[in-house]
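Peer 1: with the sequence up front, the predicted model follows.
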Amino acid sequence: MTRPGSRSRSLLLPAALLLILGGGLTMFRSAAEEAREIPPPAIDGTAGPRVSEVAVLAGGCFWGVQGVFQHVAGVTSAVSGYAGGTEKSAKYDAVSAGLTDHAEAVRVVFDPRVISYGRVLQILFSVIHDPTQLDRQGPDIGRHYRSSIFPQNEEQARIARAYIAQLDETKAYPAKIVTKIESGAFYPAEPYHQDFMVRNPRHPYIAFHDLPKVEALKRFFPDRFRADPVLVAKN
């Protein structure tokens, strides 16, 4: 993922060339190959009187994380940004250079009467990223691409810890989950990062790494898929 007009991050190759090169470059695997069906959380929250809840999640490049959640029924807002560092350091140039404690993250606002926090985490782990990759996702390498959950309350922390333990115990993945549970404020990213997948569907990174995640969402969670994304620009 690169800022428009800036240098290519991780020397990203166009999707067509990757297809020609074939499976030898496993670090460039399509998201469609990495998505997997996993069980729902055994421990989850209930809506109660709430009509809105916030989840802050990090799973690699925020373009794809935001883009998938924008297609999830029950999500009312998904904003790309930074979490884990200071407000002063919440700037793309500093974060992408690895000079901060931030992770690229997305603030997801959802209606718990429609989708639970646990189901939000299930989508994160199933189709958005590989939670067994330490400080990287696909071609993106660095601590700012780490897999992290930033609970907004103790209930969320309890659900997240229990779900990670459940997935490890059932061996839902061939390796141990490395997702961190952290604290920290969320800061929105620059405007040019918002709604990036929707605005740039032919961008090589989006076409190869992120659009397959939306297709995986549609395939694994047909009851949660929404064709029309909820956009930052419209909120």
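Peer 2: Okay, I see it. Keep in mind that this is a model prediction, so the values were computed, not measured.
Peer 1: quick one, strands of this protein?
Peer 2: 53-59, 75-83, 103-110, 136-137, 140-141, 147-150, 180-181, 186-188 (DSSP state E).
Peer 1: will you turn these into CSV that also has distance to N200 and mean neighbour count?
Peer 2: C-betas here are computed from N, CA, C, even on glycine. As requested, the strands of the chain are exported to CSV (distance: least, Cβ to Cβ, whole Å; neighbours: other Cβ atoms under 10 Å):
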stretch, distance to N200, mean neighbour count
strand 53-59, 19, 24
strand 75-83, 13, 23
strand 103-110, 17, 26
strand 136-137, 18, 22
strand 140-141, 17, 18
strand 147-150, 24, 24
strand 180-181, 29, 15
strand 186-188, 19, 18
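Peer 1: which one of the ones you listed lies closest to P201?
Peer 2: Each of the strands of the chain has some distance to P201 by Cβ to Cβ; the shortest is strand 75-83, at 16.3 Å.
Peer 1: give the pairing partners of that closest one; include direction for each.
Peer 2: In the sheet, strand 75-83 lines up against strand 103-110 (antiparallel), strand 186-188 (antiparallel) (DSSP bridges).
Peer 1: show me the contact partners of the longest helix seen in the chain.
Peer 2: Using DSSP state H to assign secondary structure, the helix with the most residues in the chain is helix 154-169. Contacts with helix 154-169, where a contact means Cβ atoms under 8 Å, 6 or more residues apart in numbering, come from 38-39, 41-45, 55, 117-118, 121-122, 125, 131, 149, 151, 173, 176-177, 179, 181.
Peer 1: among those residues, name the buried ones.
Peer 2: Restricting the contacts of helix 154-169 to buried positions leaves 38, 41, 44-45, 55, 117-118, 121-122, 125, 131, 149, 151, 177, 179, with burial counted as 16 or more other Cβ atoms under 10 Å.
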